[in-house]
Every structure is written in structure tokens, then in C-alpha cells.
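K.L.:
With the input below, show me the fold.
(one chain, ligands or ions: 1)
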Amino acid sequence: MFDVCIIGSGPAGLSAAIYCSRLGLKTIVLEKGVIGGKMTKIPKLENYPWFS
Ligand SMILES: Cc1cc2nc3c(=O)[nH]c(=O)nc-3n(C[C@H](O)[C@H](O)[C@H](O)COP(=O)(O)OP(=O)(O)OC[C@H]3O[C@@H](n4cnc5c(N)ncnc54)[C@H](O)[C@@H]3O)c2cc1C
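P.N.:
Next up is the predicted model:
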């Protein structure tokens, strides 16, 4: 059914999914919580690409 199954949709999982999809691999991401991982729960994001 799928070429790649990624467990977790934090920055690592979503980045992996983008790379796999761009390679033409049929990819599924499984997430037990909120899409985005810990980044969705922190009060203030700093020191991250495209954020100051
Ligand atoms: C309080 C706090 C503040 C932070 N502040 C910053 C900041 O300002 N700037 C910055 O760059 N970074 C910050 N970080 C770090 C940043 O959040 C992490 O580096 C980043 O989220 C790691 O991404 P990840 O994809 O590796 O893991 P995570 O974001 O942890 O994502 C993992 C995902 O996998 C899912 N998962 C786990 N097990 C399973 C399973 N068995 N089945 C399905 N899904 C599963 C989880 O629900 C989660 O959504 C902070 C972290 C914390 C805790």
C-alpha cells in the first residue's frame, strides 16, 4: 500500500514526509496526538528557521 510509514508528525516526521513525497514514494504519516508535535505546545518559538 505504502512505500514509507512515518511514525510521528513533529518537525522530523513532517520533514521526512516531504523528502519522501518529493522522491515519489507513497508515504503515510501516523500521529497519535496533534499534528506538529511539541512545536504546537510550546508558549514561544525561538531559534528556529524562519522564526526569530
Ligand atoms: C518546552 C519546550 C520548548 C521548546 N522550544 C523550542 C524553541 O523555541 N525553538 C526550537 O527550535 N525548538 C524548541 N523546542 C524543541 C522542539 O520542540 C523539538 O526539537 C522538536 O519538536 C523535535 O521534533 P521531533 O519531530 O523530533 O519530535 P516531536 O515534536 O516530539 O514529535 C514527535 C511526534 O511523534 C508523535 N508520536 C510519538 N510516538 C508515537 C506513536 N507511537 N505513534 C504515533 N505518533 C507518535 C508525538 O505525538 C509527536 O507529535 C522546545 C521543546 C520543548 C519541550
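
K.L.:
Please make it C-alpha for all contacts and neighbour counts, starting now.
P.N.:
Noted.

K.L.:
if I pick the residue nearest the centre of the chain, what's in contact with it?
P.N.:
Averaging the C-alpha coordinates of the chain gives a centre point, and the residue nearest to it by CA atoms, centre = their mean is residue 14 (1.8 Å). Applying CA atoms under 8 Å, 6 or more residues apart in numbering to residue 14 gives the contacts 29, 36.

K.L.:
State the distance from it to residue 34.
P.N.:
As judged by CA to CA, to the nearest Å, residue 14 and residue 34 stand 12 Å apart.

K.L.:
Tell me who's in contact with residue 20.
P.N.:
Under the criterion of CA under 8 Å, 6+ apart, the contact partners of residue 20 comprise 4, 26-27.

K.L.:
one more time with 7 Å
P.N.:
Taking CA atoms under 7 Å, 6 or more residues apart in numbering as the definition of contact, the neighbours of residue 20 are residue 27.

K.L.:
so the residue nearest to the centre of the chain is in which element?
P.N.:
Assigned by DSSP states H and E, residue 14 belongs to helix 11-22.

K.L.:
Specify the next element, helix or strand, located C-terminal of that helix.
P.N.:
Next element after helix 11-22 (DSSP H and E): strand 27-30.

K.L.:
could you say what helices and strands that following strand packs with?
P.N.:
Judged by 3 or more CA pairs under 7 Å, 6 or more residues apart in numbering; DSSP states H and E, strand 27-30 is in contact with strand 4-7, helix 11-22.

K.L.:
Buried residues in the helix holding residue 14, which are they?
P.N.:
13-14, 16-17, 20 (16 or more other CA atoms under 10 Å).

K.L.:
can you check stretch 20-37 too?
P.N.:
Within stretch 20-37, the residues that qualify as buried by neighbour count (16+ other CA under 10 Å) are 20, 27-28, 35-37.

K.L.:
out of those residues, which one sits closest to the ligand?
P.N.:
Nearest to the ligand, judged by CA to the nearest ligand atom, of those is residue 37 at 3.2 Å.

K.L.:
is it true that the closest one touches residue 10?
P.N.:
Yes. Counting by CA atoms under 7 Å, residue 10 is a contact partner of residue 37 at 3.9 Å.
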